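>>> The following comprises the amino acid sequence and a computationally predicted model.
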Amino acid sequence: MTVRILLSILILFCAGIGHVQATEYPSVKVAEPYLDLRTGPGRGYPKTQIVERGDWVEVIMRRTDWIKVRTVKGFEGWAHQDDLARTLDPDGEPTQISTVGEGEFIHRRWEVGFKVGTFSGARTSDVYLGYYFTDNLSAEVTAGQAFGTSVDFQFLNVSLTHQPWPQWRYSPYLTLGGGAKQSRYSNTEVQLSSRTDQTLHAGAGLRIYLARQLMGRLEYRNTVILTDQEQNEESDEWTIGLSAFF
């Protein structure tokens, strides 16, 4: 599968992405005497606000067991999910708070992880950080290294990734990007100096939701190495990895 073919497929998928609309957050009513709000998602953060019984708060986002809310006065803070479970919904019923699961997998904003695999026979390992602009579209930065029999190299890539069906537990995606690769040669009869080449890549992969905030990842990339020679080099990369999302 060539870079040109995958580039065409990715453009077609990205063309279907709609405009992001303003989000309307659900509201819940405090039923206990008060609701404590902290400055961050954890008990180590200080309490800076108390919401009294009968007041309403908007539920904005979630991070593990902590939920970010906004008061009617515009103050934002974090409350534990157990405390939010004792509030009331607009119908006067107890608020249903689900545990961390596939809903957070669909609407994640950050992803960090590592992968191992092969690049034209060389053993590779890398770490990456991704940010999601929407549920479908994300950008990633990857840094890694590879070890071969006669050459070792380090690489840095920036990628755009499109996930057509983020709601699927086994969710395929397409990726496209570029970067740089620095090669160091060893165990050769002729002494060669290290060199740095620009690269372009395209590929496809599969994200697999595992549990809570963990997912597995399988990926194939076709990489074109832009050299000074008449013909560029082309390599295949296969990786498997584990990542966390939030």
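That came through, no problem.

>>> Now do the nearest residue to residue 39 once chain neighbours are set aside, the pLDDT please.
Here the nearest residue to residue 39 in space, its sequence neighbours aside, is residue 45; by Cβ to Cβ, 6 or more residues apart in numbering that works out to 4.6 Å. (C-beta placed from N, C-alpha, C; glycine too.) Listed pLDDT for residue 45 reads 93.

>>> Residue 45 falls within a helix, correct?
No. Inclusion of residue 45 in a helix is not indicated when DSSP: H, G, I helix; E, B strand; the rest coil is applied; the result is coil.

>>> For the residue lying closest to residue 175 once chain neighbours are set aside, give the beta-bridge partners.
Nearest non-adjacent residue to residue 175, counting by Cβ to Cβ, 6+ apart: residue 161, 4.5 Å away. Taking DSSP bridges, one finds residue 138, residue 175 as the beta-bridge partners of residue 161.

>>> Name all residues that make contact with residue 161.
130, 137-140, 173-176 (Cβ atoms under 8 Å, 6 or more residues apart in numbering).

>>> that's a strand at residue 134, yeah?
No. If the criterion is three-state DSSP, then residue 134 is coil and not within a strand.

>>> and the gap between residue 224 and residue 234?
Separation of residue 224 from residue 234 (Cβ to Cβ, to the nearest Å): 5 Å.

>>> ugh, wrong one, residue 37
With Cβ to Cβ as the criterion, residue 37 and residue 234 are 55 Å apart.

>>> Residue 118 reaches residue 237, doesn't it?
Yes. The pair residue 118 and residue 237 qualifies as a contact (Cβ atoms under 8 Å) at a distance of 7.0 Å.

>>> Let me see the domain layout of the chain.
Described in terms of automatic domain parsing, the domain architecture of the chain consists of the residue ranges 27-98, 106-245.

>>> what about the helices in this protein?
In order along the chain, the chain carries the following helices (DSSP state H): 3-14, 81-84, 102-106.

>>> What residues of the shortest one count as buried?
By that I understand helix 81-84. Within helix 81-84, the residues that qualify as buried by neighbour count (16 or more other Cβ atoms under 10 Å) are 81, 83-84.

>>> What is that helix packed up against?
Helix 81-84 makes packing contacts with strand 34-38, strand 66-71 when contacts are defined by 3 or more Cβ pairs under 8 Å, 6 or more residues apart in numbering; DSSP states H and E.

>>> Residue 123: which of the ones you listed is closest?
Minimum separation from residue 123 across those (Cβ to Cβ) falls at strand 66-71, 39.2 Å.

>>> and the closest one, which residues are buried?
For strand 66-71, the neighbour count (16+ other Cβ under 10 Å) marks 66-71 as buried.

>>> Show me the strands paired with that strand, marking each as parallel or antiparallel.
The pairing partners recorded for strand 66-71 under DSSP bridges are strand 56-63 (antiparallel), strand 76-80 (antiparallel).

>>> Kindly provide the whole-number mean pLDDT of the last one.
Model confidence over strand 76-80 averages 92 on the pLDDT scale.

>>> I would like the residues contacting that strand, please.
Under the criterion Cβ under 8 Å, 6+ apart, residues 35-43, 45, 48-49, 57, 60, 63, 65-71 lie in contact with strand 76-80.

>>> which parts of it are buried?
Using 16+ other Cβ under 10 Å as the burial criterion, the residues of strand 76-80 that qualify are 77-80.

>>> Could you do stretch 54-73 as well?
56-59, 61-63, 66-71.

>>> Among those residues, which one lies nearest to residue 167?
Nearest to residue 167 among the buried residues of stretch 54-73 is residue 62, at 17.0 Å by Cβ to Cβ.
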